[in-house]
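Student: the amino acid sequence is not available; the structure is as follows:
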């Protein structure tokens with residue numbers, strides 16, 4: 001069985017993959033509410049003769065494809081949730097749910113997972129070991145991976161290796177990113193409450209205004225990366241929300257800042273978190289205010305095991321002889337696949353999905369996000385081929 005043969009089998013599913021994806025795109029569901037999506041996944045897996053577990057972490061779905069011979073266990077994971085964004089693509093398959101859309105490609109990921117399941121089930125006689133199929137809810141900052149792990153998804157059977165995939169709209173179809181070590185950043189949520197003293201806007205001397213303090217804090221936080229880190233290190237500190245006051249002529253007594261911190265390295269992370277608290281507290285105090293800083297961890301970095309990544313890269317070359325293979329791509333975007341890869345050695349693969357000529361290159365989490373569906377069979381072929389390779393078949 002050659003990887004090129006598996007590619008042809010995946011390409012034969014192109015129409016079905018597109019149909020799955022477009023149906024899911026029209027009916028997006030937010031994290032832990034993926035009832036319709038989960039039911040489609042579960043029924044599709046049952047139709048393949050698989051025993052299916054549902055309701056894991058509310059809406060997660062798991063099934064195991066057993067080979068005819070004993071061997072290792074490979075876990076494949078796909079996320080299912082959409083985002084609270086009003087779609088603006090104008091596509092004929094656009095979301096029918098106001099204020100909710102698949103703006104990150106998870107509809108495509110589910111379609112890929114169903115395609116992988118179909119190909120694997122058709123080749124059970126070639127399968128040594130087993131493949132655990134995991135469809136995860138609530139990847140978008142809601143802790144879906146952690147809850148699935150707490151519910152025992154890494155047990156009975158326990159995987160020896162884990163693979164995941166993400167459609168990647170900053171790169172064209174035909175590009176594949178498979179790096180070693182950290183490939184996506186760890187993330188924290190940052191909240192800073194600046195407390196002052198309210199008063200009349202015409203008498204600022206009687207108040208301690210938290211608004212200019214907030215402005216100075218925002219500016220000062222930007223010096224952490226440029227002045228406290230080695231220039232070769234990578235980190236992001238972004239303030240994305242600012243709230244203060246209710247009336248034009250009233251100095252408020254507090255201002256709230258929210259944002260995100262992204263890092264790859266644990267030492268860099270500790271430096272950034274420490275300095276955020278120091279800078280916010282010090283600047284606020286200098287302007288007569290007080291800062292309360294709350295840092296909430298969201299995900300660790302996504303870290304690829306080099307030995308696994310090397311094998312998947314070799315598979316990619318064999319499946320796609322003309323592939324643009326990138327070993328250096330790293331992103332400050334976070335992904336809770338990180339929790340699975342903390343527990344199980346594995347690899348997270350980025351699959352180019354953009355077609356700028358057709359306008360299919362809007363960034364992730366954008367109201368106009370859409371992707372080239374030609375990437376779907378590519379992802380199916382790569383994951384199936386990599387699975388067989390890791391089980392010792394090719």
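Tutor: Arrived safely, thanks for sending. Since the structure is predicted, the reported quantities are computational estimates derived from the model, not experimental observations.
Student: residue contacts, the closest residue to residue 308 other than its chain neighbours?
Tutor: In this structure, residue 308 finds its nearest non-sequential neighbour in residue 347, 4.5 Å apart by Cβ to Cβ, 6 or more residues apart in numbering. Yep, even glycine has a C-beta here, placed from its N, CA and C like the rest. Counting by Cβ atoms under 8 Å, 6 or more residues apart in numbering, residue 347 makes contact with 162-164, 178, 304-305, 308-309, 312, 386.
Student: check residue 367 too.
Tutor: Applying Cβ under 8 Å, 6+ apart, we find residue 367 in contact with 85-89, 101, 103.
Student: how about 6 Å then?
Tutor: Listed by Cβ atoms under 6 Å, 6 or more residues apart in numbering, the contact set of residue 367 reads 85, 87-88.
Student: can I take it that it is in a helix?
Tutor: No. Counting by DSSP: H, G, I helix; E, B strand; the rest coil, residue 367 is not part of a helix but coil.
Student: neighbours of the closest residue to it other than its chain neighbours, how many?
Tutor: Distances taken as Cβ to Cβ, 6+ apart place residue 88 nearest to residue 367, at 3.9 Å, with adjacent residues excluded. Around residue 88 sit 14 other residues, with neighbours defined as other Cβ atoms under 10 Å.
Student: for the residue nearest to residue 308, which residues make a bridge with it?
Tutor: Beta-bridge pairing for residue 347 (DSSP bridges): residue 163.
Student: so which two of the contacts of residue 347 are the farthest from each other?
Tutor: 162 and 178 (14.2 Å; Cβ to Cβ).
Student: from residue 137, how far off is the residue nearest the centre of the chain?
Tutor: Taking Cα atoms, centre = their mean, the centroid of the chain lies closest to residue 335, which sits 3.3 Å from it. Between residue 335 and residue 137 the computed distance is 14 Å (Cβ to Cβ, to the nearest Å).
Student: again with residue 244
Tutor: Distance of residue 244 to residue 137, computed by Cβ to Cβ: 35 Å.
Student: neighbour count: those two, which is higher?
Tutor: residue 137 (29 against 19).
Student: confidence score at the nearest residue to residue 354 once chain neighbours are set aside?
Tutor: Of all residues not flanking residue 354 in the chain, residue 361 sits nearest, at 4.1 Å (Cβ to Cβ, 6+ apart). Predicted confidence (pLDDT) for residue 361: 97.
Student: residue 361: neighbour count?
Tutor: Using other Cβ under 10 Å, residue 361 has 20 other residues around it.
Student: surely residue 221 and residue 237 touch.
Tutor: Yes. When contacts are counted by Cβ atoms under 6 Å, residue 221 is listed as touching residue 237 (5.2 Å).
Student: three-state assignment of residue 261?
Tutor: strand.
Student: for it, give me its contacts.
Tutor: By Cβ under 6 Å, 6+ apart, the neighbours of residue 261 are 188, 190, 237, 272.
Student: quick check, pLDDT for the nearest residue to the first one once chain neighbours are set aside.
Tutor: To tie it back to what came earlier, the one meant is residue 188. Using Cβ to Cβ, 6+ apart and skipping the chain neighbours, the partner closest in space to residue 188 is residue 261 (4.3 Å). With respect to pLDDT, residue 261 scores 98.
Student: repeat for residue 141
Tutor: 88.
Student: now swap in residue 4 and tell me
Tutor: At residue 4, pLDDT is 77.
Student: if I look at the nearest residue to it once chain neighbours are set aside, how far off is residue 2?
Tutor: Nearest residue to residue 4, sequence neighbours excluded (Cβ to Cβ, 6+ apart): residue 319, at 7.0 Å. Distance from residue 319 to residue 2, counting by Cβ to Cβ: 9 Å.
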